[in-house]
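Chemist: sharing a model that was predicted from the sequence below.
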Amino acid sequence: MATLRVFACFISLLVSITLTGAGAVQLIVVNNCNGELWPAILGNPGKENPKDGGFLLNSGEEVVLDLPDKWSGRLWGRQGCNFDNEGKGECQTGDCAGQLKCRGTSGSPPATVVEMTFGAPASPLHYYDVSLVDGFNLPVSMKPVGGGIGCGVASCDADLNVCCPSALEVKKGNQVVGCKSACLAMQSDKYCCTGNYSDPKTCKPTVFAKLFKAICPKAYTYAYDDVSSLNRCRAPRYVVTFCPPN
């Protein structure tokens with residue numbers, strides 16, 4: 001009996017390795033929000049765009065994306081979308097040129113962005129973060145499954161729309177659906193870390209970045225917020241959850 005159990009475990013491990021593929025990474029995208037979402041995904045230049053860059057995810061649903069080693073890109077959630085049978089329409093936040101399938105088009109801010117790099121030429125490690133540099137629209141987290149000690153969780157699991165300063169609010173009717181970054185709202189080098197401020201010595205966190213950092217300490221809040229926000233790991237799969245439980 002012991003021999004049969006060992007054999008069964010070996011077959012299970014072999015199947016798992018085969019399904020994941022050598023060097024491949026599984027990204028599990030979960031909608032834990034109350035309503036439907038339209039996640040969008042954009043590969044960096046030269047990288048593929050899974051599912052043509054966009055798809056519908058109903059509340060409580062999840063989708064598994066198989067990504068190759070060395071893949072890098074970003075993922076964000078779109079909300080309040082309305083598309084016709086040809087996949088044309090618009091979203092309240094995170095819209096990508098009015099298309100369901102983004103196909104290489106980035107999303108319009110404000111949008112909470114999950115950034116990831118699954119291995120680089122000089123390192124086998126995976127790097128990932130949740131960024132508020134393009135503003136906020138939805139709470140989200142990225143958590144490794146396996147990977148061992150030192151693998152952190154990237155997240156902004158609070159609803160920043162509730163406490164968004166009035167100067168940064170994006171409203172649809174009376175509802176705040178997004179919170180702009182200070183860069184988008186102010187359009188100045190100081191807030192965008194550009195021009196004379198394009199250096200970590202001169203670009204410091206603004207009062208808005210400090211506010212967001214206090215609420216979401218595991219997220220990027222401005223361009224040079226690396227130390228407490230960038231995670232490193234080497235796991236076979238990761239779970240990205242929109243509206244993660246607190």
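Modeler: The structure has been received and is ready for your questions.
Chemist: quick check: mean pLDDT of stretch 235-246?
Modeler: Within the predicted structure, the mean pLDDT of stretch 235-246 is 95.
Chemist: state the pLDDT value of the most centrally placed residue in the chain.
Modeler: Among the residues of the chain, the one closest to the centroid is residue 114, at 1.8 Å (CA atoms, centre = their mean). On the pLDDT scale, residue 114 is placed at 98.
Chemist: please apply the same query to residue 176.
Modeler: Confidence per residue is given as pLDDT, and for residue 176 that number is 97.
Chemist: quick check: closest non-adjacent residue to it.
Modeler: Residue nearest to residue 176 in three dimensions, not counting chain neighbours: residue 161, with 4.5 Å by CB to CB, 6 or more residues apart in numbering. Yep, even glycine has a C-beta here, placed from its N, CA and C like the rest.
Chemist: the residue nearest to the centre of the chain: what secondary structure?
Modeler: Assigned with DSSP: H, G, I helix; E, B strand; the rest coil, residue 114 falls in the strand class.
Chemist: got it, and the one 10 residues further on?
Modeler: At residue 124 the chain is in strand, as set by three-state DSSP.
Chemist: please name the residues that touch residue 121.
Modeler: Under the criterion of CB atoms under 8 Å, 6 or more residues apart in numbering, the neighbours of residue 121 are residue 70.
Chemist: is it true that the residue nearest to residue 176 lies in a helix?
Modeler: Yes: applying three-state DSSP, one finds residue 161 inside a helix.
Chemist: next, count neighbours for it.
Modeler: Using other CB atoms under 10 Å, the number of residues around residue 161 comes to 21.
Chemist: show me the contacts for it.
Modeler: Contacts for residue 161 (CB under 8 Å, 6+ apart) come out as 136, 137, 169, 176, 177, 178, 179.
Chemist: next one: residue 73
Modeler: For residue 73, the set of contacting residues under the criterion of CB under 8 Å, 6+ apart consists of 41, 42, 43, 44, 47, 49, 115, 116.
Chemist: same question for residue 246.
Modeler: Residues counted as contacts of residue 246 (CB under 8 Å, 6+ apart) are 157, 158.
Chemist: among the contacts of residue 73, which two are most distant?
Modeler: Using CB to CB, the contacts of residue 73 span at most 15.0 Å, a distance reached by 49 and 115.
Chemist: more crowded one of those two?
Modeler: Residue environment comparison for residue 49 versus residue 115 gives the larger neighbour count to residue 115, 21 against 17, counting by other CB under 10 Å.
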